[in-house]
Each structure stands twice: as structure tokens, then as C-alpha cells.
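Asks: This is a predicted model, with the sequence first.
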Amino acid sequence: MASQDTSPPKSATWRETFRGLYHGHEPGARRFRYGILAFDIFTILFFIGSSAYEYELWVLIADAVIAVFIAVDLGLRWWIAFDRRRFLLQPATWADLIVILSLLAPALLGNFLFLRVLRALRLLRSYRVLADLRQEFGFFRRNEEVIQSSINLLVFVFVMTALVYVTQHTTNPGIANYIDALYFTVTALTTTGFGDITLQGTGGRLLSVMILLLGVALFLRLVQTVVRPVRTIHECPDCGLTRHDTDAVHCKHCGRVLHITTTGGD
């Protein structure tokens, strides 16, 4: 009697292999995730740098190549997801879908091409990448809150700049490219307001008001978090809690007296 083949299907074997790359602890898996992180950073910088050359042939070719890589990565992450419905509902998934569409059909999206900067939402949003960085780099462990706040600040500026660019660059001669939109956004968020570029129309004025209000309420708070972190890293000898207020005297978890190195400044 012929023996039955009890080995797992090849598709299951490949799925476990890719799950190991995306979620495993091996050095090869970490290098794979660092490679994806480097690719994410490269694509964001490329999108910003090429915003002034949207329809040139070399940009369209590069866009198509990047779209293929993003689509493959997105498809693999959906394939290996334990809960595919939850994966499809994640903001980063929709951001990648918008980016892919903007890269493959630029003529259809027109002014909304710059929404591809939504790919910035992917930066350091993977718990596995965060765990890798904490484990391998002491600098990241000591400055994690500052790094996270810096990324949040950059994403916030990118989103506000995208709004300015999308709504103004076809009608406002002062917003000819992304750099112009970024220049206006930063001057508005910091309430500097040089006045050489202004947003046109009623919608533009309302957007300027919103940016100014967000600059006071949120932007300055993010900058403060980068310059002066709310939490400090110091492991409690008793309970192991590592994140404490910068002026903490006792551990919030167990009450132990802490000796956190501080300059005593406000």
C-alpha cells in the first residue's frame, strides 16, 4: 500500500517562510525588515525630490518600479496576515493602496499625486521593527521617544503640506511645486508668516486659519516633545518599569525611590 505524503503544502511552507522574515527574530529577518525600512525612507525622499518633475519619462519609469515593489510587499503582508480583515482596515494598508494607485495611474489622479507621501505613515509603525531597534541599538533605546516624536512631527508636516499642494498648486502661482508648499506650511505652522506666499480664495484662507491654529495647538507641542521629552528611560530595580516622568522621584508602578540623573532644569 502506497504511503501517503504528510508533508505540508508548499504554499503553507512559503507562508511560514515569509512570516519568519516579517516577524521572526533571526538576524536574516532583521536585515530584511531594515531593508524594507530603508526602502520606505528612500521612496519618501524620492517622492519629495521628484515632485517638480511629475510627468517626465524617468520619473514615470521609477514610479512604476516603486509601485511594483510596494504592491509585492503589500501582497505578501496580506498573505501572511493572521487576520486579513483587520489588516485591510489598517490606515497604513489604505495609504499603500493610494500610493500604488497614484504611481500606476498618475493621469487619473492629477493634483492628488502628492498623496503618495502618505507612505510616511509606514515609518517605524511596525512593532517588530521597533523591537529590533530597541534590542540592537542603545542609542535608539535611550532616545526612542525623541525619535518617535520627530517622525510624528515630519508626518504631520507632510500631511499639512499635501493639503496645501493639492488645493493650491494649479491655481496659485506661488505654489509651483512641493518645496513652495513646504515653505509656506512651515512658515505658517511656526507663525513666522513672511507674507511672500499666501493661499488664494476662500478655501485657501480657511486652510491658512486651520494651519495657524494647528501650529499653535499641535505643532509647537510636537517640537517641544522632540526638544524636551515628556518621559525618561530609567529601569526601576524592583519592578523593571523603564519609562518615567523626567522629574519622577518614585516609581509609579511599585513606589520605589528612583535616582534618575537630571540637571534639575525646568
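Replies: Yep, it's here.

Asks: Leaving aside the residues adjacent along the chain, what's closest to V216?
Replies: Among residues not flanking V216 along the chain, T191 sits closest, at 7.0 Å (C-beta to C-beta, 6 or more residues apart in numbering). From N, CA and C alone the C-beta is placed, and that goes for glycine too.

Asks: contacting residues for the one you found?
Replies: 212, 215-216 (C-beta atoms under 8 Å, 6 or more residues apart in numbering).

Asks: Could you list the buried residues of the helix or strand hosting A181?
Replies: In the assignment (DSSP states H and E), A181 maps to helix 178-189. By 16 or more other C-beta atoms under 10 Å, the buried positions in helix 178-189 come out as 178, 180-185, 187-189.

Asks: just checking, what packs against it?
Replies: helix 144-168, helix 201-214 (3 or more C-beta pairs under 8 Å, 6 or more residues apart in numbering; DSSP states H and E).

Asks: what's the burial count for L45?
Replies: Burial measure for L45: 10 neighbouring residues, criterion other C-beta atoms under 10 Å.

Asks: The helix or strand harbouring it vs helix 178-189, what angle?
Replies: If you go by DSSP H and E, L45 is part of helix 27-49. Put simply, helix 27-49 runs at 90 degrees to helix 178-189, going by axes from the mean of the first three to the mean of the last three C-alpha atoms, to 10 degrees.

Asks: for helix 27-49, the distance to its chain's centre please.
Replies: 11 Å (C-alpha atoms, centre = their mean, to the nearest Å).

Asks: and that helix, what does it pack onto?
Replies: By 3+ C-beta pairs under 8 Å, 6+ apart, helix 27-49 packs against helix 10-23, helix 57-80, helix 127-136.

Asks: I'd like the average pLDDT over the first one.
Replies: Okay, so that is helix 10-23. The predicted model assigns helix 10-23 a mean pLDDT of 83.

Asks: Give me the contacts around it.
Replies: 26, 28-29, 32-33, 76-77, 79-80, 128.

Asks: tell me the SS of G195?
Replies: coil (DSSP: H, G, I helix; E, B strand; the rest coil).

Asks: Look up phi and psi at it.
Replies: phi 90, psi -10 (degrees, to the nearest 10).

Asks: how near is it to L101?
Replies: Distance of G195 to L101, computed by C-beta to C-beta, to the nearest Å: 37 Å.

Asks: Could you give the separation of stretch 15-29 from the chain centroid?
Replies: On C-alpha atoms, centre = their mean, the centre of stretch 15-29 falls 22 Å from the chain's centre.

Asks: From the recorded domain assignment, give the ranges for this protein.
Replies: Under the assignment automatic domain parsing, the domains of the chain span 10-140, 143-229, 231-266.

Asks: looking at those, which has the lowest confidence?
Replies: domain 231-266 has the lowest average pLDDT among those, namely a mean of 70.

Asks: returning to what we had before: include mean neighbour count when you put the helices and strands packed on helix 178-189 into a markdown table, please.
Replies: Formatted as a markdown table, these follow (neighbours: other C-beta atoms under 10 Å):
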| stretch | mean neighbour count |
| --- | --- |
| helix 144-168 | 19 |
| helix 201-214 | 14 |
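
Asks: any chance of those helices in CSV, plus distance to T17?
Replies: Converted to CSV, these look like this (distance: least, C-beta to C-beta, whole Å):
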stretch, distance to T17
helix 144-168, 30
helix 201-214, 44
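
Asks: Which of these sits closest to P237?
Replies: Nearest to P237 among the helices and strands packed on helix 178-189 is helix 144-168; the distance by C-beta to C-beta comes to 20.7 Å.

Asks: got the angle for the closest one vs helix 27-49?
Replies: Using the same axes, to 10 degrees: helix 144-168 against helix 27-49 is 30 degrees.

Asks: How far off centre is helix 144-168?
Replies: With C-alpha atoms, centre = their mean, you get 9 Å for helix 144-168.
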